[in-house]
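Student: sharing a sequence plus its predicted fold:
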Amino acid sequence: MASAISERVELAKLCTSRDWSKAIRVLDSLLSQSSSIQDICNRAFCYSQLELHKHVIKDCDRALQLEPTLLQAYILKGRAFSSLGRSSDALAAWQLGYEHALHQTADLKQLLELEELLRFAKQDQSISSENHGTESRSFVDTADSGQLTNGKSMDVLKNQNKLNDISNICNGSREASETDSKASEADASPIRLSVHPQICNELRDVTDVGGRSEGASYPNNRLNDNAGSGKKPVSQTNGALDVVHKPKSDTNSFSDSRSRLSEFSSGSSMISSNSEGTSEIRGRSSKKADVHNEASDEAKGNKKFCVTRISKTKSISVDFRLSRGIAQLNFFNLSFLTFLHQILREDPNYPEALIGRGTAYAFQRELEAAIADFSKAIAVKPSAGEAWKRRGQARAALGESAEAIADLTKALEFEPNSPDILHERGIVNFKFKDFYAAIEDLSTCVKLDVENKSAYTYLGLALSSIGEHKRGEEAHLKSIQLDRSFLEAWGHLAQFYHDLANSTKALDCIQQVLQIDARFAKGYHLRGLLMHGMGEHRKAIKDLSVGLTIESSNIECLYIRASCYHAIGEYAEAVKDYDATLDVELDSMEKFVLQCLAFYQKEIALYTASKINTEFSWFDVDGDIDPLFKEYWCKRLHPKNVCEKVYRQPPLRESLKRGKLKKHDFAITKQKAVLLAAADSIGKKIQYECPGFLPNRRQHRMAGLAVIEVAQKVSKAWRSLQAEWKHSNKSSSKNGKRPRRRINVASQNRGGAGCSTSSGPETSTSYSITEDRSSARYMLSWHDLYSLAVRWRQISEPCDPVVWINKLSEEFNSGFGSHTPMILGQAKVVRYYPNYERTLQVAKNVMKKKLYVYSKNDNVIDISEDEKLHEIMVAETCSDLYRAVGEDFWLATWCNSTAFEGKQLEGTRIALVKMGELGFDYAIKTPCTPSRWEDFDAEMAMAWDALCNTYCGENYGSTDFDVLENVRAAMLRMTYYWYNFMPLSRGSAAVGFIVLLGLLLAANMEFTGQIPKGLQVDWEAILNYDPNSFVDSVKSWLYPSLKVTTSWKDYPDVASTFETTGSVVAALSTYND
């Protein structure tokens, strides 16, 4: 009790001496002992004296939760809103207080005060309306408007409540503020601000002397930087912002701040086609809008320069200098740091100054120094919630996710319902891929702050990451509804539609972005990525080039533009951009990966340039490129070992001596026109109508040309076999027996013909179609057949390392293969998650049948116990399944062999790996070990043999659909084994369907329909144990869309029409529109 009384006495003395900051500390202490409503109001009053209006509002809200009829809180809250320029909110607060006052007339003084405040507020609102949107004149706070004694109301000086009565703001010395006030009012011309886009948003409401703030964050603290209240700027032209209020003391600080802020660096972004790698959106115009609103709030406060009664002969108090200095920091005046150093030399344990200096350090990216200051502030004052919050933000910027979350959680203990802190923690949770926690925080935030546009768009990102696409879209749209000029929300929504493969809506959003700010580099980056994904490489180059004129060192733009130049045959420009990508300063793992890829793809570009005027059949990445190089390329490994061990391609000037793309390559002859038109029509049939699969014009053309070439080459082989069959039939009729026909298939086993390893001295040769001239027999193995499509897939998109896995280095022995995730952490991969439930059921069936799985170290895990098996069978999620097994594991499906009765081939591996505490990597994998390769090689050879035997006998050339039933089934069985084999590093799905369409066409059956919506043909094969089940599944939609036709035979020969690699590149890169 004695302690509380002494604190009350100290509080009275501090208020008398106008030492508001120390008074706040005393009130903090008193409130930690008991939540007195009057003390909450007293602290709100102290905050008002330091012009910390948002903290006034928070304390008033807290007081009103305890006592909804507290008139003093309504008065203070309304004044704070008014000082922030939020006149409608001020009016609402006073109106509500006045209604309560009418029903409880115990304090007539406060009733009259509210009545007067309302009268002036309504008058101000009326004037505002008459002036058609001109800025409302706001009420000014009283400086010494009352007393803080025993719950008595504050005395209000009438003239301090008059509109625009600037002359009476200070009852003490006017001289202290006169210069600034006149300068501010006299300067009618707007100040043009041009600051770094990352910082525009992050410098709002940096910190307050009371130890709190309104949601600042630091560089690299967010994946997407877009905090803000959603208010719109007063004026804005071409993305720059006009700031009307400018105190004289800040006249020189704007230019200084620009130069300093321009040194700040934003976080890096990823090229992403799925939800966990959401591409970063950085704002310009909308960030400036936020800055204007927050800064103008402070500017209005700074015009009322003198808050306390100060003698002319005395310097301004440290508290107020600190408060005003921090406001200047908000206004981009980092010279305030010197002042903070001075304060801390005099008092090293001043918590508010430590918080202020830590914030200044953080904005300069001196994050370790910032954390040290925040930590010291916490040690001095453990209840300083602002210090916990700021340290959390700084730690997040350093990538210390667990520590950052812990600090922000601690900050929430001091302000449990703070939308600011919930917003910050939600963003940090999102950045570190804890999407469910992010959703919880951001959902709570938008309930407390319904106009937080930033929280809504981050909520949209988090929801879409866990597959809640409809709710995610709604959240993004809500953010845009709050502010139609909010660049980040438009950008995020564009990326959202891109991820879902809705190109029309994505383009509409990007158009909105560029209408808001035509100099927004990220907008051109987004559209360039979208054009690239749609196969419009020349259009992509245009957009990426514009983006690079704005941000010349954007590594994603450089890398994608390089690959676009590479794809269309402009190798000199491609090499130039690849080199520029390699020269960008590294500051993130994402940039490192892009630089590794740039190294490898530069070598592939040089190789392609050297082949540009040779026959396309000689373009042989698998045979000509060193196995170790290809392996490192596929795995995105550091190229240092490759540089030392692998022969590099000659420089571009030497490659181009052998030839360049020539004009006649781009000339469209009649034969080319016929083939391109047919290819564009046929190629569209490979498109998956599933989320995440963008229609790609270039890939469609590639597929169409490949289908026609496959049909032509297969038809030639079948003619040869049919002639042999006829010949053998004549011989057999003489001898009275019919010999069994077999196709000579060269072995494709590892170590067989044409195979090389990194340790072998012999030169690798490609698999090639051979023709026995003596017998005129045209031989085609299954590998030759699929290699036709693989070569087209390789040349069509240089970004994709498409290679035969058995042509990699000795690493092949350890089972290198594809990895296709359905869940990564908490993210549901948009392309493949639709197969999740079916895959889970297949996994449970395999476990039930085999009664064991394998650990990550390939040890057998027994699961035969009844209780464990029951737990597995009732599992509904991969989390349930993991809990039942108890550790990381994998299992393998099987494929019933057609060639060898009773044999089961190892199918696809289904793997479940725990990723820390945040989720799982749940994926399918197809490792291609030598033994597995031998099994599938033999199965594919037998399947191809069976197909040829079925068609090249009596059924040859038939146009009777029913007669061809067994031919179709044989084609689908071979396709089934191909999909389960997955012998390519990537691209197996597209190649498999291309070859299937080519085989059907060779047998005079053209597919005229579309793959059903939501169906992925390769997954149909992977999740079926038996080829006949796959046949039954596919034929239900395939057969009705097959048309018997021989018109394809009139097409010009693809190999001779597009004879050279250059002519193929030109064909894939040239369109009429």
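Tutor: Received the coordinates, thanks. Remember, predicted model here, so these are calculated numbers, not experimental data. Numbering: from 1, shown residues only.
Student: give the rounded mean pLDDT of the helix or strand hosting residue 479.
Tutor: Element membership for residue 479, per DSSP states H and E: helix 469-482. Per-residue pLDDT values across helix 469-482 average out to 97.
Student: and what of stretch 410-423?
Tutor: pLDDT averaged over stretch 410-423 gives 92.
Student: circling back to that earlier point, contact partners of the helix holding residue 479?
Tutor: Residues from elsewhere that reach helix 469-482 (CB atoms under 8 Å, 6 or more residues apart in numbering): 230, 451, 453-454, 456-457, 459-465, 486, 489-490, 492-493, 496, 500, 691. For every residue, glycine as well, the C-beta is placed using N, CA and C.
Student: tell me the buried residues in it?
Tutor: For helix 469-482, the neighbour count (16 or more other CB atoms under 10 Å) marks 469, 471-473, 475-476, 478-480, 482 as buried.
Student: please apply the same query to stretch 1028-1043.
Tutor: Result for stretch 1028-1043 [16+ other CB under 10 Å]: buried residues 1030-1031, 1033-1034, 1038, 1042.
Student: now do it: everything it contacts.
Tutor: Outside stretch 1028-1043, the residues that reach it (CB under 8 Å, 6+ apart) are 961, 968-969, 972-973, 975-976, 1000, 1005-1012, 1015, 1017, 1020-1021, 1024.
Student: which of these are buried? Put it as a PyMOL command.
Tutor: To isolate in PyMOL the members of the contacts of stretch 1028-1043 that are buried, counting by 16+ other CB under 10 Å, one can use:
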select buried, resi 968+969+972+973+975+976+1000+1005+1006+1007+1011+1015+1017+1020+1021+1024
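Student: what's the burial count for the spatially closest residue to residue 26 that is not a sequence neighbour?
Tutor: Take residue 26 and drop its neighbours on the chain: the residue closest to it by CB to CB, 6 or more residues apart in numbering is residue 11, 4.7 Å away. Neighbour count for residue 11, taken as other CB atoms under 10 Å: 22.
Student: which helix or which strand is home to residue 11?
Tutor: Per DSSP H and E, residue 11 falls inside helix 2-16.
Student: what is that helix packed up against?
Tutor: In terms of contacts (3 or more CB pairs under 8 Å, 6 or more residues apart in numbering; DSSP states H and E), helix 2-16 is packed against helix 20-33.
Student: check the offset of the helix it packs on from the chain's centre.
Tutor: Mean-position distance between helix 20-33 and its chain equals 44 Å (CA atoms, centre = their mean, to the nearest Å).
Student: buried sites along that helix?
Tutor: 20-31.
Student: look at residue 922 and tell me its secondary structure.
Tutor: Following DSSP: H, G, I helix; E, B strand; the rest coil, we place residue 922 in the strand state.
Student: try the one 10 residues further on
Tutor: Of the three states, residue 932 takes helix under three-state DSSP.
Student: can you check residue 1012 too?
Tutor: Secondary structure state of residue 1012, per three-state DSSP, is coil.
Student: and it, how far from residue 381?
Tutor: According to CB to CB, to the nearest Å, residue 1012 and residue 381 sit 64 Å apart.
Student: pretty sure residue 801 is touching residue 984, no?
Tutor: No - assessed by CB atoms under 8 Å, residue 801 is found out of contact with residue 984, at 9.6 Å.
Student: looking at the two, which is more packed in?
Tutor: Between residue 801 and residue 984, counting by other CB under 10 Å, residue 984 is the more crowded of the two (27 against 22).
Student: what bridges to that one?
Tutor: Beta-bridge partners for residue 984, by DSSP bridges, are residue 804.
Student: how about it, what does it touch?
Tutor: Residues near residue 984 by CB under 8 Å, 6+ apart: 790, 802-805, 818, 991.
Student: in TSV: those residues, plus neighbour count and pLDDT.
Tutor: Converted to TSV, the contacts of residue 984 look like this (neighbours: other CB atoms under 10 Å; pLDDT from 0 to 100):
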residue	neighbour count	pLDDT
790	26	98
802	23	95
803	23	94
804	22	94
805	25	91
818	21	80
991	26	98
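Student: want to throw these into JSON lines with distance to residue 947?
Tutor: Shown next, in JSON lines, are the contacts of residue 984 (distance: CB to CB, whole Å):
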{"residue": "790", "distance to residue 947": "19"}
{"residue": "802", "distance to residue 947": "24"}
{"residue": "803", "distance to residue 947": "26"}
{"residue": "804", "distance to residue 947": "21"}
{"residue": "805", "distance to residue 947": "24"}
{"residue": "818", "distance to residue 947": "25"}
{"residue": "991", "distance to residue 947": "17"}
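Student: out of those residues, what pair is the most spread apart?
Tutor: Greatest spatial distance in those: 790 and 818, 14.5 Å, computed using CB to CB.
Student: which residues of the stretch 101-250 of the chain score low on pLDDT?
Tutor: By pLDDT under 70, the weakly predicted segments of the stretch 101-250 of the chain are 105-108, 111, 123-250.
Student: and for the chain?
Tutor: Looking at the chain by pLDDT under 70, you get 1-2, 105-108, 111, 123-335, 655-661, 727-778, 810-816, 1073.
Student: where do the strands sit along it?
Tutor: Counting by DSSP state E, the segments of the chain that form strands are 191-193, 236-237, 240-243, 770-772, 777-779, 817-825, 827-828, 852-855, 860-862, 889-896, 904-915, 919-927, 1005-1007, 1042-1044.
Student: let's have these in CSV, adding distance to residue 1060.
Tutor: Converted to CSV, the strands of the chain look like this (distance: least, CB to CB, whole Å):
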stretch, distance to residue 1060
strand 191-193, 56
strand 236-237, 53
strand 240-243, 51
strand 770-772, 21
strand 777-779, 23
strand 817-825, 32
strand 827-828, 44
strand 852-855, 49
strand 860-862, 54
strand 889-896, 40
strand 904-915, 39
strand 919-927, 34
strand 1005-1007, 28
strand 1042-1044, 33
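Student: re the thing from before, and which of the buried residues of helix 20-33 is nearest residue 341?
Tutor: Ranked by distance to residue 341 (CB to CB), those are led by residue 21 at 18.5 Å.
Student: so that closest one sits against residue 52, correct?
Tutor: No - the pair residue 21 / residue 52 is not scored as a contact, 10.0 Å apart, by CB under 8 Å.
Student: ok so, going back, buried deepest among the strands of the chain, which one?
Tutor: A comparison of these by mean neighbour count, using mean count of other CB atoms under 10 Å, puts strand 827-828 on top with a mean of 24.
Student: strands paired with it, and their directions?
Tutor: Checking strand 827-828 against DSSP bridges gives partners strand 817-825 (antiparallel).
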